[in-house]
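Peer 1: curious how this folds, go ahead:
(2 chains)
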Amino acid sequence: MTAAFAGRRILVTGGAKGIGKAAALRFLAGGAKVACLDMDEVALADVSAAHGVVALKVDVTDTQVTDATVAEAAAQMGGLDGVVNSAGVDLESSLEAMTDAAWERLIAVNLTGPMKVCRAAAPFLKQAGGGTIVNVSSGAGLQPLKFRSAYSASKAGLQMFSKALALELAEAGIRVNVVCPGAVETPLFRSSIAEGEEGRAQLDAVRARYALARIADPDEIAAGIAWLTSADASYVTGVALAVDGGRTFH
Amino acid sequence: MGQTDRFKDKVAIVTGGGDGIGAGIAARLLAEGATVAVLDLDAGPLRAGLAADTAPRLLAVEGDCTDLATLEQFHARVVGELGPVDVLVNNVGQSGRGRSAPFHESSEEVWRFVLEISLFTAMRMSRLIAPAMRERGGRIVNMSSDAAFVGDTGLVDYASAKMGLIGFTRSLARELAPFGVTVNAVAPGAIRTRAHDTMPKEVIDRIKASTPAGIVGEPEDVAAAVAFLASDEARFITGQSLLIDGGRWMI
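Peer 2: Got it, this is the predicted structure:
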């Protein structure tokens, strides 16, 4: 990596694990100041100790906490000109098994959460004279997955939220884009796979969905996030880039 | 803009790389270390803009991209002189320009030219490259247009060809995925090129007004996207269409 992000100050939610962490490390390698925001305090302590990033606990479903944490991240980095919303949760459920609480929790984290983070961050991005937002959606937001109605809906909603925001924030010099990963080797993905023989069959079925017939490394998704955040993408706004080894053909 | 040597020791072909967006792509790949072969009617504008240290890595061949024999000779020469091709950018393409007309008055001769230069050339060049890429992997990037997505009056033939490239991209991506080859498309909106500069001001103003970013892009903006999709970084992206249009298609 070159110094593609020198002088940039970038906040990453879900930044202590998985795709968010891989993106944070790319920004760091490119010379940015980085703040990782996450629920997981143990993972935050690890990423802070290992990489010297600003590490802050956040619950993106809580408006006050989100406002305060985004402001704290901006204060510690001396401003803010990049946001990545990578925090998200999964939910596999049939319709009849769906509880209101499970549905609402998923929408609160995956859709309302990024809205809260963007709302908290926008004044700082404007203050910086412009910036970038990349929201991590999912291939499931482009093409549905069975028994993931809530997840697919939340991720499709995040895409349209992002596009509407791209329109709204264009004149402030803020670009808003979306990355749609396929299956990625992350703690979130692993939690959806069973043990033993059943798990192996599940993994085979997942791989078979992708033209490249494998599961992605988080850094491969981070490459897409990093590109959309970089000045190389200066004319790109409102796009949903699928980094999915060939499933959605978007 | 973070120049790197991502394409050191790589060989790239850029069809129609003599001017405009294609020249921007060729220059970018050269700047990042690639050896680049270009086929175009006139490579003068590309040569004129090149830094002295990159010029020795350029093989510019002047010829007609719509002629199959020319493509075959070009391909043979590139492989013979530079080695196997790592990156193919199917950039060449054109509208009917001065010969474009409202659909009911349009001529088959112009349709054929537009489809030949914009779609058939990409298919022919890719078929020449595919056997070697099946052996050793590679990257193919096709030049679509946001005209394919948005549609535009007087551009039925062009939009058809450019949407044809999207179907071509998706199908070839599936065929070549098992061999470590990714195939993607970029779809630029209004980009400042010589062709763009000849458009009437009211057309340019109309496009600008419908572009959220409020500006016309530069060839470098498209080149940056092509370079990304052609790089190792994008190895997990295939079959995709990336709009480089300041947000125009989104609305």
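Peer 1: any figure for the gap between the closest residue to B:Ala34 other than its chain neighbours and B:Glu81?
Peer 2: Computed as Cβ to Cβ, 6 or more residues apart in numbering or on different chains, the closest residue to B:Ala34 that is not its neighbour in sequence is B:Phe7, at 3.5 Å. Every C-beta, even on glycine, is put in place using the N, C-alpha and C of the backbone. As judged by Cβ to Cβ, to the nearest Å, B:Phe7 and B:Glu81 stand 17 Å apart.
Peer 1: neighbour-wise, which of those two wins?
Peer 2: The neighbour comparison of B:Phe7 against B:Glu81 (other Cβ atoms under 10 Å in any protein chain shown) goes to B:Phe7, with 24 against 11.
Peer 1: residues in contact with stretch A:196-216?
Peer 2: Contact with stretch A:196-216 is made by A:181-185, A:189, A:193-194, A:243-247, B:173-174, B:177-178, B:236, B:238-239, as judged by Cβ atoms under 8 Å, 6 or more residues apart in numbering or on different chains.
Peer 1: among these, which are in strands?
Peer 2: A:Pro181, A:Val243 (DSSP state E).
Peer 1: just the buried residues from the contacts of stretch A:196-216, in PyMOL please.
Peer 2: Only the buried entries of the contacts of stretch A:196-216 go into this PyMOL selection, using 16 or more other Cβ atoms under 10 Å in any protein chain shown:
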select buried, (chain A and resi 181+182+183+184+189+243+244+245+246+247) or (chain B and resi 173+177+236+238+239)
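Peer 1: related to what we said a few turns ago, and what about the residue nearest to B:Ala34, helix, strand or coil?
Peer 2: At B:Phe7 the chain is in coil, as set by DSSP: H, G, I helix; E, B strand; the rest coil.
Peer 1: who touches it in this structure?
Peer 2: B:Leu29, B:Glu32, B:Gly33, B:Ala34, B:Asp86, B:Val87, B:Ala227, B:Ala230, B:Ser231.
Peer 1: which non-adjacent residue is nearest the closest residue to chain A within the stretch 51-200 of chain B?
Peer 2: In the stretch 51-200 of chain B, the residue that lies nearest chain A is B:Ala177 (3.6 Å; Cβ to the nearest Cβ). Excluding the flanking residues, the one nearest B:Ala177 by Cβ to Cβ, 6+ apart is A:Ala211, at 3.6 Å.
Peer 1: next, count neighbours for the one you found.
Peer 2: A:Ala211, neighbours per other Cβ under 10 Å, totals 22.
Peer 1: what's the answer for A:Ala68, then?
Peer 2: By the criterion of other Cβ under 10 Å, A:Ala68 has 14 neighbours.
Peer 1: do the same with B:Gly167
Peer 2: For B:Gly167, using other Cβ under 10 Å, the count is 12.
Peer 1: how about the residues of chain B that lie near chain A?
Peer 2: Chain B comes close to chain A at residues B:1-4, B:170, B:173-174, B:177-178, B:212-215, B:217-218, B:221-222, B:224-225, B:227-228, B:233-247, B:249-251, as judged by Cβ under 8 Å from any Cβ of the partner chain.
Peer 1: can I get the buried part of the residues you listed as one PyMOL selection?
Peer 2: The buried subset of those, as determined by 16+ other Cβ under 10 Å, is captured in PyMOL by this line:
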select buried, chain B and resi 2+170+173+177+212+213+217+218+221+222+224+225+227+228+233+234+235+236+237+238+239+240+241+242+243+244+245+246+247+249+250
